[in-house]
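In: Have a look at this fold, sequence not included:
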């Protein structure tokens with residue numbers, strides 16, 4: 001039995017996710033195992049969704065299908081695509097969502113069938129495609145190929161040296177309030193900040209550590225996903241600092 005993974009910004013208070021799962025099971029003749037990656041992506045945040053797809057890629061078994069639906073442009077002329085990444089199919093809108101993945105081949109999905117909702121392609125376009133791929137991976141051979149270079153790029157601001165420090169983007173706030181930066185451990189190697197400048201200009205002292213426990217104050221450390229984080233032990237750094245996904249912060253070494 002093959003596995004299909006779901007990611008969306010739908011939340012779980014409505015039946016949207018369950019409707020997608022029902023369609024997948026119907027389309028795959030009940031042969032799919034369905035696993036939720038997350039349905040708590042910040043509403044409309046393509047960058048945050050792309051981040052989760054990127055860090056999850058290394059643990060998703062080859063041969064799986066991933067249906068990702070963060071789709072502010074639903075119902076417009078933006079196309080739906082299937083991208084193959086190291087033996088796994090990723091299904092969703094062509095809006096930058098797959099921009100961090102090393103796609104090898106891509107195809108354009110057929111348009112919405114007659115009677116489809118113009119506001120719920122997750123159920124009416126992407127879920128059926130995911131279910132069909134579980135049942136018949138060779139279906140892509142009947143789809144129109146898409147040049148990888150023509151996919152919509154992801155608009156993610158990269159870390160940049162500025163004002164004697166390093167400017168980085170908040171890419172995710174996790175359940176614990178840890179502020180995950182789009183700053184890989186390799187990009188941060190050799191840089192040891194002691195101050196954090198918030199978007200409004202406020203400067204806070206930070207402490208570089210290796211664990212959350214037994215450390216007080218605002219912490220700077222390597223997170224489990226291979227990216228640097230701002231954290232507060234037994235507290236929420238996001239709430240304390242007023243940071244949210246998409247914010248840009250400046251990390252500085254003291255007296256620079």
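Out: Arrived safely, thanks for sending. What you are looking at is a predicted structure, and each value in this text was computed from that prediction instead of being measured.
In: drop to CA atoms for contacts and neighbour counts, all remaining ones
Out: Will do.
In: Show me what the lowest-mean-pLDDT helix or strand in the chain is packed against.
Out: None of the helices or strands of the chain scores lower by mean pLDDT, DSSP states H and E than strand 160-162, at a mean of 88. Contacts defined by 3 or more CA pairs under 8 Å, 6 or more residues apart in numbering; DSSP states H and E place strand 160-162 against strand 165-173.
In: just checking, next helix/strand downstream of the strand it packs on?
Out: For strand 165-173, the following helix or strand on the C-terminal side (DSSP states H and E) is strand 179-184.
In: What helices and strands are in contact with that following strand?
Out: For strand 179-184, the elements it packs on are strand 165-173, strand 227-232, judged by 3+ CA pairs under 8 Å, 6+ apart.
In: who does the helix or strand that that strand is followed by pair up with?
Out: Where DSSP H and E defines the elements, the next helix or strand beyond strand 179-184 is strand 195-197. If you go by DSSP bridges, strand 195-197 pairs up with strand 203-205 (antiparallel), strand 248-252 (antiparallel).
In: Quick one: the helices and strands packed on strand 179-184 as a markdown table, columns for mean pLDDT, distance to residue 205 and mean neighbour count too.
Out: Below are the helices and strands packed on strand 179-184 laid out as a markdown table (pLDDT from 0 to 100; distance: least, CA to CA, whole Å; neighbours: other CA atoms under 10 Å):
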| stretch | mean pLDDT | distance to residue 205 | mean neighbour count |
| --- | --- | --- | --- |
| strand 165-173 | 95 | 14 | 22 |
| strand 227-232 | 97 | 11 | 24 |
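In: residue contacts, the residue nearest to residue 238 when sequence neighbours are not counted?
Out: The shortest distance from residue 238 to any non-neighbouring residue, by CA to CA, 6 or more residues apart in numbering, is to residue 177 (5.1 Å). By CA atoms under 8 Å, 6 or more residues apart in numbering, the contact set of residue 177 is 231, 235-239.
In: same thing but at 7 Å, please
Out: Neighbour list for residue 177: 236-239 [criterion: CA atoms under 7 Å, 6 or more residues apart in numbering].
In: List only buried entries from those.
Out: Taking 16 or more other CA atoms under 10 Å as the criterion, what is buried in the contacts of residue 177 is 236-238.
In: so of the residues you listed, which ones are in helices?
Out: 237-238 (DSSP state H).
In: What is the nearest of the buried ones among the contacts of residue 177 to residue 99?
Out: Closest approach between those and residue 99, by CA to CA: residue 238, at 26.1 Å.
In: and the gap between the closest one and residue 139?
Out: The spacing between residue 238 and residue 139, counted by CA to CA, to the nearest Å, is 44 Å.
In: Residue 157 too?
Out: 36 Å.
In: Which one of these two is surrounded by more residues?
Out: A direct count of neighbours by other CA atoms under 10 Å for residue 157 and residue 139 places residue 157 higher, at 15 against 12.
In: Which residue is the nearest non-sequential neighbour of that one?
Out: Setting aside the residues directly before and after it, residue 157 is nearest to residue 169 in space (CA to CA, 6+ apart), at 6.7 Å.
In: Look up the residues forming beta bridges with the one you found.
Out: Beta-bridge pairing for residue 169 (DSSP bridges): residue 248.
In: For the closest residue to residue 222 other than its chain neighbours, give me its contacts.
Out: Closest residue in space to residue 222, ignoring its immediate chain neighbours: residue 228 at 4.5 Å, by CA to CA, 6+ apart. Residue 228 sits next to 180-181, 183-185, 221-222 when contact means CA under 7 Å, 6+ apart.
In: any chance of those in a markdown table, plus pLDDT?
Out: Putting the contacts of residue 228 into a markdown table (pLDDT from 0 to 100) gives the following:
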| residue | pLDDT |
| --- | --- |
| 180 | 97 |
| 181 | 97 |
| 183 | 96 |
| 184 | 95 |
| 185 | 92 |
| 221 | 96 |
| 222 | 96 |
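In: For the residues you listed, which entry has the maximal number of neighbours?
Out: Highest neighbour count within those: residue 180, with 27 neighbours (other CA under 10 Å).
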